[in-house]
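Undergrad: Here you go, sequence then predicted model.
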Amino acid sequence: MNDPYHRPAYLEDFAWSEFEQAAAHVPYWILVAGSTEQHGPHLPLAADTLVVQKLAEISAARHGSIILGSIRSGVLHAFQDFPGGQRVPAEILIGQAVAMGRTAVPYSNRLLILNGHDENHEPLILAARDLAERHGTDVVVVEWAQLVSDVIREVSSSTSESHAGEGLTSVFLHWYPQRVRTEAIAPGTVPAGELTRDDLHVSKRAHHVARLRREDVPSGVLGDPTAAEAKKGRIVTDALVERVDALVRERGWV
């Protein structure tokens, strides 16, 4: 168990005695935060979680980190009217992130929070501040799509990426092709607005707390996943992995 590349990636898979031996050698810890919400008829409800979970596993394998676990239910307002979504209040998400993150405190006290769901971002920042102020934890919060938004724009032939569109679907075709219902891929709704439009193709200038109802977004898709390709997903995920690697090196964690 002393070899970081031949030990469990997830905290839950350790025996306590194995964890006691391994913990002192962990350069940084990873917390995954996602959601359970609709991502169109072609992607699973766990889409947000699955992307950052895969990213966490790759990063852990590279550096001998341990993944503290995955928060699978997030803050959910925009698509709360669609079936299958699980909502937690912001204060519950904050508390869960702090409680799980405290595992790092007696050891390297460095925490990378990989977020797959944009509505989690503000609560996770508050959780990071709590850990930093109370425990001196060095915390970085990363929303994966924002980290590679420029790459998504470069590889996309569509002009909108708001929800379950070309970019995310391309990532799934590369990382999780078996999880994509390809027969259900169809153009979605075009996002409205400019100054308040929540879209990776638009420089956001203001935040509108929108509740998107089924009559306005029938499929749940905002964007055009028909342009998605596995090779585009490979370009995006390669950049994502390398930027996370650069980030932890910039912090001096490895």
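TA: Yep, that arrived.

Undergrad: Report the contact partners of P123.
TA: Applying CB atoms under 8 Å, 6 or more residues apart in numbering to P123 gives the contacts V75, A90, E91, L93, I94, A97. (C-beta placed from N, C-alpha, C; glycine too.)

Undergrad: List the residues that contact the second one.
TA: So the one you mean is A90. Contacts of A90 (CB under 8 Å, 6+ apart): V75, E122, P123.

Undergrad: distance of it from A145?
TA: According to CB to CB, to the nearest Å, A90 stands 20 Å off from A145.

Undergrad: just A206 next, same as before
TA: 19 Å.

Undergrad: rewinding a little: among the contacts of A90, which one sits closest to F172?
TA: Nearest to F172 among the contacts of A90 is V75, at 22.4 Å by CB to CB.

Undergrad: What does the closest one show for phi and psi?
TA: When read as degrees, to the nearest 10, the backbone of V75 gives phi -70, psi 130.

Undergrad: show me where this structure has strands.
TA: Assignment of strands within the chain using DSSP state E yields the ranges 29-33, 66-71, 110-115, 138-143, 161-163, 222-223.

Undergrad: Now mean pLDDT and distance to D245 too, for those strands, in TSV please.
TA: Formatted as TSV, these follow (pLDDT from 0 to 100; distance: least, CB to CB, whole Å):
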stretch	mean pLDDT	distance to D245
strand 29-33	99	13
strand 66-71	98	16
strand 110-115	99	11
strand 138-143	99	12
strand 161-163	92	24
strand 222-223	96	28
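
Undergrad: Now for this structure, the helix or strand with the poorest mean pLDDT.
TA: Least confident helix or strand, the chain: strand 161-163 with a mean of 92, by mean pLDDT, DSSP states H and E.

Undergrad: where does the stretch 151-254 of the chain have low pLDDT?
TA: 204 (pLDDT under 70).

Undergrad: Name the residues of stretch 121-133 that come out as buried.
TA: Going by neighbour count (16 or more other CB atoms under 10 Å), the buried part of stretch 121-133 is H121, P123, L124, I125, L126, A127, A128, D130, L131.

Undergrad: any idea how far I92 is from G101?
TA: Distance from G101 to I92, by CB to CB: 15 Å.

Undergrad: more crowded one of those two?
TA: G101 (23 against 15; other CB atoms under 10 Å).

Undergrad: my read: the more buried one touches V141, true?
TA: No - using CB atoms under 8 Å, G101 is not in contact with V141, being 10.7 Å away.

Undergrad: possible to save the strands of the chain as a markdown table with distance to F19?
TA: Output for the strands of the chain, formatted as a markdown table (distance: least, CB to CB, whole Å):
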| stretch | distance to F19 |
| --- | --- |
| strand 29-33 | 12 |
| strand 66-71 | 8 |
| strand 110-115 | 17 |
| strand 138-143 | 21 |
| strand 161-163 | 38 |
| strand 222-223 | 42 |
